[in-house]
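In: Show me how the following folds:
(chains A and B)
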Amino acid sequence: NAGVTQTPKFQVLKTGQSMTLQCAQDMNHEYMSWYRQDPGMGLRLIHYSVGAGITDQGEVPNGYNVSRSTTEDFPLRLLSAAPSQTSVYFCASSRGVDTGELFFGEGSRLTVL
Amino acid sequence: GDSVTQMEGPVTLSEEAFLTINCTYTATGYPSLFWYVQYPGEGLQLLLKATKADDKGSNKGFEATYRKETTSFHLEKGSVQVSDSAVYFCALSGSGNTGKLIFGQGTTLQVKP
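Out: The predicted structure follows:
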């Protein structure tokens, strides 16, 4: 059972570079989301999607873009990386928007120099 | 706005000791409450949940009771094991039908043999 798969697991960028964090789930979940985890701050929601073709902003969306062309995939794009985006990023999915039971990927650790 | 406050860690216990991790929350309405656990190098996974006042969630020997009068959801385990060493996050379901979970800052538990 693959669950939620994130790639890459580690990435180092220079300021101003762009990259995409990939997320795929094989559970046919309608709801997908991206969180960032920073020390002492828990997890904060970046963007979320309630189904293919539908995305919306979370509490910290600036500097990130998302799209949802298929049920399975929900990539997160950093258009021009900044040191403030150094963090661990988690993709999560669930059956629906109100279940509360999120299934998380293993995380992607991003360092921006 | 809605928020979750957890006791600060790290918490260090000997094997078979009793565990309590305090969690209090501020929320409008009637959120669901959750405990997630993150083992080293892994994503978060749901440990237990409670959806209404006085509900008790339980799993793997851990328990937590939804106390509306004290706005608390403390995590307890009668006898911890070394394998319980992890970071524990308390969370509540956010309002607005976004699927968002609001997380506490996490509490690191280290259990020594």
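In: For B:Leu19, give me its contacts.
Out: For B:Leu19, the contacting residues are B:Val11, B:Leu13, B:Leu75, B:Glu76, B:Lys77, B:Val80, B:Asp84, B:Leu109, by Cβ atoms under 8 Å, 6 or more residues apart in numbering or on different chains. Heads up, the C-betas are built off the backbone N, CA and C, glycines and all.
In: Report pLDDT for it.
Out: Per-residue pLDDT puts B:Leu19 at 97.
In: in chain A, what spans have low per-residue confidence?
Out: A:1 (pLDDT under 70).
In: Can you name the helix or strand that the residue most central in space within it falls in?
Out: By Cα atoms, centre = their mean, chain A has its centre lying nearest to A:Trp34, at 3.0 Å. If you go by DSSP states H and E, A:Trp34 is part of strand A:31-37.
In: Identify the residues contacting that strand?
Out: A:21, A:23, A:25, A:43-51, A:58, A:60, A:64, A:66, A:68, A:74, A:76, A:87-97, A:99, A:102, A:107, B:99-100.
In: count of neighbours near residue 39?
Out: Here I'm looking at chain A. Residues near A:Pro39, counting by other Cβ atoms under 10 Å in any protein chain shown, number 9.
In: please go with chain B instead
Out: 13.
In: and if you look at the one 10 residues further on?
Out: Close neighbours of B:Lys49, defined as other Cβ under 10 Å, add up to 21.
In: Wait, a helix at A:Thr20?
Out: No: going by DSSP: H, G, I helix; E, B strand; the rest coil, the assignment for A:Thr20 is strand, not a helix.
In: from what I can see it touches A:Pro75, true?
Out: Yes: if you go by Cβ atoms under 8 Å, A:Thr20 and A:Pro75 touch, sitting 5.0 Å apart.
In: Tell me where the model's unsure across chain B.
Out: Using pLDDT under 70, the flagged stretches of chain B are B:96-97.
In: on that earlier part again, so which of the contacts of B:Leu19 is surrounded by the most neighbours?
Out: Top of the contacts of B:Leu19 by neighbour count (other Cβ under 10 Å): B:Leu75, with 25 neighbours.
In: Any idea what that one is bridged to?
Out: The bridge-partner assignment for B:Leu75, based on DSSP bridges, gives B:Ile21, B:Ala64.
In: Which residues are in contact with it?
Out: Applying Cβ under 8 Å, 6+ apart, the residues contacting B:Leu75 are B:Leu19, B:Thr20, B:Ile21, B:Cys23, B:Trp35, B:Leu47, B:Phe62, B:Glu63, B:Ala64, B:Tyr88, B:Cys90.
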